[in-house]
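Peer 1: Quick one, structure for this:
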Amino acid sequence: VSTAIGTTQLGFGERTPVSRLLLELGGIPPVPVLGEGWLFLLVKLVVASVVTWLFAAYIRETPAEGYLLLGFVASVGLGPAAHNLLLFAVAA
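Peer 2: Numbering: from 1, shown residues only. Have a look, this model is predicted:
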């Protein structure tokens, strides 16, 4: 969400090619409330749902390892968001 808000509302650019493409494609059908970030957010939610679904069986079988690995995957996803929030706070 921080990337979508930062690029659409605060005027920051996106350096990652895939994210930039999603933000550009999201601007094709204009959505007034969500701006250009709607497709980006939708893809992120789908990816998070798929990862959670894939890990469900693994967590049931070996909870300790499953939660540890899921935590690592979550931190990889949340790391860029935390970086963006810090960047936006410093730049604003």
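Peer 1: name the element residue 15 belongs to?
Peer 2: Residue 15 is located outside every helix and strand, with elements delineated by DSSP states H and E.
Peer 1: State the pLDDT value of it.
Peer 2: According to the prediction, residue 15 has pLDDT 80.
Peer 1: longest helix in this protein, by residue count?
Peer 2: Assignment by DSSP state H gives helix 63-91 as the longest helix of the chain.
Peer 1: list the helices and strands it packs on?
Peer 2: helix 2-8, helix 38-61 (3 or more CB pairs under 8 Å, 6 or more residues apart in numbering; DSSP states H and E). From N, CA and C alone the C-beta is placed, and that goes for glycine too.
Peer 1: Let me know the average pLDDT across the longest one.
Peer 2: Looking at helix 38-61 alone, the average pLDDT works out to 90.
Peer 1: go on, the first one?
Peer 2: Taken as a whole, helix 2-8 carries a mean pLDDT of 79.
Peer 1: How far off centre is it?
Peer 2: 10 Å (CA atoms, centre = their mean, to the nearest Å).
Peer 1: So what touches it?
Peer 2: Outside helix 2-8, the residues that touch it by CB atoms under 8 Å, 6 or more residues apart in numbering are 12-14, 19, 23, 34-38, 40-41, 80-81, 84-85, 87-88.
Peer 1: Perfect, that will be all.
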